[in-house]
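Participant: Model the following, please.
(one chain, ligands or ions: 1)
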Amino acid sequence: MANPRPLDLNNVQGDILEGLGKKNEAFFFFQIKAGQASPFREDLRSFIPLITTTTEAKKFHQCIREGKKEAAKQGKPFPMIENSGVNISFSQKGLVALGITDNIGDDVFKQGMLADASGLGDDLSDWDADFKKEIHAVIIVTANSTSVLERTLDHIKSIFRVGHKDTTIQEVTRLLGQTRPGAEDGHEHFGFNDGLSQPAVKDVDAGVTSEPGEKPVRQGVILLGREGDDGLLIPGQPLKSVTRPSWALDGSFLAFRYLKQLVPEFDSFLEANALPVPRIRAPGDPTGAELLGARLVGRWKSGAPIDLTPIRDNPAFATREDFRFDPANQERCPFAAHVRKTNPRSDLDKLGGTEIRRIIRRGIAFGPEVTTEEKKAKKSSSNEKLERGLLFTCYQSNLGNGFHFMQESWANNNQFPPKTAATPPVPAPGIDPIIGVGIGTPRQMVGTSPDISKSNQELDFTAKWVIPRGGEYFFSPSISALKNTFAAHSGHSEL
Ligand code: HEM
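Facilitator: Presented below is the predicted three-dimensional model:
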């Protein structure tokens, strides 16, 4: 698809291309009440001015960067800036509830995540009952403190008159995320720095140098209707082109996953299978458990890619992206390591590259830190209040190319990336040890050892440390589509 007109960042919701500033985040899932579509649209009109655009999100981040620099220059601590961000997205059932019946051109979105759960490898008995209910939309609220988060949520609820007889919406469930405390800020619950590698988007992230290893992606990989939103690509088949309704322009599909993490179990697995390390150790050398953890993820806890520093962590490398993997071997990074499975870089150079599969991730941790009792027992508590994990979100223009494909055809597929050309021949790489669901047990991964003589070493495991508890697919419309189609009197107005 060619670009219909220049991209206006005031027209794109802020979470997609920039991310909303956050220490705290609420996901407010709701239904539009039966027979209330018209008054809901009126309420939506009052809500739209609260939405944070990409321009606003970018300004906020720039202000933080400059403020931090200035504070450092003056040797002062950087004061917290009160901030909150708001976005909204609708599920296929939400579009139907609003009478929007145009074909948006994405079968994965249309079926919804509950129907897709078995394809993703989820065990539905682990799903929270609320995610088995109909969900029409999600409002995302972010803030830098719980009080500002609550205040913004209360304001939004008052717009939709929640708690009053004439409310137009019914809350289905609410999930709260927060960044982890102290030095763990930015790290997910297994302890690894997260949210580092993101595709730079052409002419949006101009001058972004974070990914010298990878080229910027075309805008249409993330935004519908833009150049690069070319269609559905199933390997071995011709590209299946898609037609988008005009209101879909500059929107993006949001995949939301509610992922529980079994942290004490993950840690004790690493201890029990610790890789051999030299008995005489130099300062900075990892333990065998740390080395195995890094081999499973493909980065050290600091974020440093093991492809650049395979033997020991180097926090100075934490944000480096100038690595592409050697397609012929896995000494530096196992083929099945989480970051290699989900972005195989040069492994796919001869097979058309990875651009069409790229996603922008915006996850946040949820739940408390591991307790002393859980550490001692090496087991997560059965108390639901102590449940922890990741509220994973990602954006893309086509779910069948992005999230759905990544989980089903890469993470869960023990034959990926294809290694027929590797010399000497290597066994199947195995599944993604972090999020992959093996077909049959035990689950297995190859290449766990950085010792060259053992680089095809296989590790079998039956345990899973990430348990999907629910989720849904949503569409995040542009601001003009929200005004002119979603909040318009008939659901069919054009932009
Ligand atoms: C609890 C579950 C998960 C954990 C603990 C986790 C952890 C991580 C970590 C530590 C990184 C490396 C740092 C970074 O580049 O941000 C990463 C990267 C990544 N993850 Fe996950 N992740 C999880 C779920 C998922 C899911 C469900 C997907 C998609 C199906 C996914 C896709 C990716 C992608 C695309 C990258 C970037 C790879 C790259 O470009 O190098 N992750 N994840």
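
Participant: C-alpha only now, for contacts and for neighbours.
Facilitator: Fine.

Participant: Can you show me the strands along the stretch 51-200 of the chain?
Facilitator: Under the criterion DSSP state E, counting those that start in this stretch, the stretch 51-200 of the chain contains strands at 84-90, 137-143, 169-178.

Participant: what's the longest one packed up against?
Facilitator: This means strand 169-178. strand 24-32, strand 364-366 (3 or more Cα pairs under 8 Å, 6 or more residues apart in numbering; DSSP states H and E).

Participant: Is stretch 413-422 positioned near the ligand?
Facilitator: No - against the ligand, stretch 413-422 shows no contacts by Cα under 6 Å from any ligand atom, the least distance being 12.3 Å.

Participant: about what we covered before: possible to save the helices and strands packed on strand 169-178 as JSON lines with distance to the ligand and mean neighbour count?
Facilitator: Converted to JSON lines, those look like this (distance: least, Cα to the nearest ligand atom, whole Å; neighbours: other Cα atoms under 10 Å):
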{"stretch": "strand 24-32", "distance to the ligand": "17", "mean neighbour count": "23"}
{"stretch": "strand 364-366", "distance to the ligand": "9", "mean neighbour count": "26"}
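
Participant: want to try JSON lines for those, with mean pLDDT as columns?
Facilitator: JSON lines is the format used below for these (pLDDT from 0 to 100):
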{"stretch": "strand 24-32", "mean pLDDT": "98"}
{"stretch": "strand 364-366", "mean pLDDT": "98"}
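
Participant: Now tabulate those strands in JSON lines and tack on distance to Gln111.
Facilitator: What follows is the helices and strands packed on strand 169-178, written out as JSON lines (distance: least, Cα to Cα, whole Å):
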{"stretch": "strand 24-32", "distance to Gln111": "17"}
{"stretch": "strand 364-366", "distance to Gln111": "26"}
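
Participant: tell me the angle the longest helix along the chain makes with strand 84-90.
Facilitator: Longest helix of the chain, by residue count under DSSP state H: helix 54-73. Helix 54-73 runs at 150 degrees relative to strand 84-90, counting by axes from the mean of the first three to the mean of the last three Cα atoms, to 10 degrees.

Participant: Ok, which of the strands of the stretch 51-200 of the chain comes nearest the ligand?
Facilitator: strand 169-178 (13.1 Å; Cα to the nearest ligand atom).

Participant: what's whichever helix or strand comes after that closest one packed up against?
Facilitator: Using DSSP states H and E, the helix or strand that follows strand 169-178 in sequence is strand 252-261. In terms of contacts (3+ Cα pairs under 8 Å, 6+ apart), strand 252-261 is packed against strand 389-396, strand 466-476.

Participant: ok, residues contacting strand 252-261?
Facilitator: Contacts to strand 252-261, defined as Cα atoms under 8 Å, 6 or more residues apart in numbering, come from residues 16, 89, 109, 189-190, 222-224, 387-399, 403, 465-477.

Participant: returning to what we had before: who are the packing partners of the longest helix of the chain?
Facilitator: helix 14-17.

Participant: related to what we said a few turns ago, now the strands of the stretch 51-200 of the chain as CSV including distance to the ligand and mean neighbour count?
Facilitator: Formatted as CSV, the strands of the stretch 51-200 of the chain follow (distance: least, Cα to the nearest ligand atom, whole Å; neighbours: other Cα under 10 Å):
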stretch, distance to the ligand, mean neighbour count
strand 84-90, 19, 25
strand 137-143, 19, 25
strand 169-178, 13, 18
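
Participant: Could you check which residue of the stretch 351-495 of the chain lies nearest the ligand?
Facilitator: Closest approach between the stretch 351-495 of the chain and the ligand, counting by Cα to the nearest ligand atom: Gln407, at 4.5 Å.

Participant: In contact with whichever residue of the stretch 1-150 of the chain sits closest to the ligand, which residues are there?
Facilitator: Relative to the ligand, the nearest point of the stretch 1-150 of the chain is Leu120 (9.2 Å; Cα to the nearest ligand atom). With contacts defined as Cα under 8 Å, 6+ apart, the neighbours of Leu120 are His404, Gln407, Glu408.

Participant: try Glu265
Facilitator: So Glu265 contacts Lys378, Lys379, Ser380, Trp465 (Cα under 8 Å, 6+ apart).

Participant: Please indicate which of those residues are buried?
Facilitator: Among the contacts of Glu265, the ones that count as buried by 16 or more other Cα atoms under 10 Å are Lys378, Lys379, Ser380, Trp465.

Participant: Could you export those residues as JSON lines, including pLDDT, secondary structure and distance to the ligand?
Facilitator: Listed next are those as JSON lines, based on pLDDT from 0 to 100; DSSP: H, G, I helix; E, B strand; the rest coil; distance: Cα to the nearest ligand atom, whole Å:
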{"residue": "Lys378", "pLDDT": "97", "secondary structure": "coil", "distance to the ligand": "18"}
{"residue": "Lys379", "pLDDT": "98", "secondary structure": "coil", "distance to the ligand": "17"}
{"residue": "Ser380", "pLDDT": "98", "secondary structure": "coil", "distance to the ligand": "15"}
{"residue": "Trp465", "pLDDT": "96", "secondary structure": "coil", "distance to the ligand": "8"}
